[in-house]
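Trainee: Next input, structure requested:
(one chain, ligands or ions: 1)
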Amino acid sequence: MTASDSQATRPNPFREATRQGRPLVGIWSMLNSVDATEALGWSGYDWLLIDGEHAPVSLHDAMAHCRAIAATPTIPIVRLLWNDPLLIKQHLDAGIATLMLPFVQTPEEAARAVQSLRYPPSGIRGIAAMHRASRYTRFRDYAAQASQSLFLIVQIETKEALDRCEEIAAVDGVDAVFFGPGDLAASMGMPGQAAHPDVTAAIEDGLRRCRPLGKAVGALAPNDEISERHIRSGFDFVSVANDFSLLLRNADAAATRFRGAADGITTKKA
Ligand SMILES: O=C(O)C(=O)C[C@H](O)[C@@H](O)CO
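Mentor: Numbers count the residues shown, from 1 in each chain. Next up is the predicted model:
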């Protein structure tokens, strides 16, 4: 890399990956363990989402996760607590370039999210003299080029949002829509039934309707069967696993197996 390359704002790696034209396989991270994130970065997932909505992830935690995974081939995405301009500004300044925002219900809410990512005159992001995103000023063209270095994913996770998913996806500056089956199931009157066939069918219908808009379309799969189905359906990115569930599933299975093996064995000395 030449000195001038190191001074140029980089294109967004997730945008480049979605252009490869194959489904990107991802993992959801809820443990808030930087070590686990770093280790998973070497597992072979295309992307890893650090969940700041439902896991206790602070801004500093999110930065630590992104620094750890930067050494690996996996691309980090951070999900924020809410579609909030202040949270968005802080995370962008911290150099977090691919954001997922939960619970975006209307094209107007999506447009407000886009405004939060853009500098004036088209947006409301505040200018900082120095921050991690500009490599502490080394990316001299950062303010002018920021939009190509960022990627905005908005979540469709209610019936209302699903009804308008094409309009939301069509908003200029929305790079991707992502279907959340857990909240969508609740909104459809089936809380706790993320894998219900009606929810999967609704999400597949969303893919069919959003695909012609040329934006990336992703979904979280609540089990292995739906992961394979979503990959075959042609979603651009699919979350196929969750670090917390993998840990618990394997820990529970090992405990059951070896407690079973220990049943009836006596270790007491005579
Ligand atoms: O609605 C959903 O489903 C999501 O947005 C993902 C969830 O928050 C959850 O599966 C994270 O564990």
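Trainee: what about the helices in the stretch 1-150 of the chain?
Mentor: Here the stretch 1-150 of the chain has its helices, by DSSP state H, counting those that start in this stretch, at 3-6, 13-18, 34-40, 59-69, 85-93, 107-117, 142-149.
Trainee: Let me know the distance separating the closest residue to Gln105 other than its chain neighbours from Thr267.
Mentor: With Cβ to Cβ, 6 or more residues apart in numbering as the measure, Ala161 is the residue that lies nearest to Gln105, at 5.0 Å, once sequence neighbours are left out. All C-beta spots, glycine's among them, are computed from the backbone N, C-alpha and C. When distance is defined by Cβ to Cβ, to the nearest Å, Ala161 is 58 Å away from Thr267.
Trainee: Comparing those two, which residue is more hemmed in?
Mentor: Ala161 (27 against 5; other Cβ atoms under 10 Å).
Trainee: For that one, give me its contacts.
Mentor: Contact criterion Cβ atoms under 8 Å, 6 or more residues apart in numbering gives 103-106, 155, 168 as the residues in contact with Ala161.
Trainee: Which members of those residues are classed as buried?
Mentor: 103-105, 155, 168 (16 or more other Cβ atoms under 10 Å).
Trainee: Tell me the buried residues in the helix or strand where the residue nearest to Gln105 lies?
Mentor: Counting by DSSP states H and E, the secondary-structure element that holds Ala161 is helix 159-163. Of the residues in helix 159-163, those scored as buried under the neighbour-count criterion (16+ other Cβ under 10 Å) are 161-162.
Trainee: hmm, it in reach of the ligand?
Mentor: No. Judged by Cβ under 6 Å from any ligand atom, helix 159-163 makes no contact with the ligand; its nearest approach is 10.9 Å.
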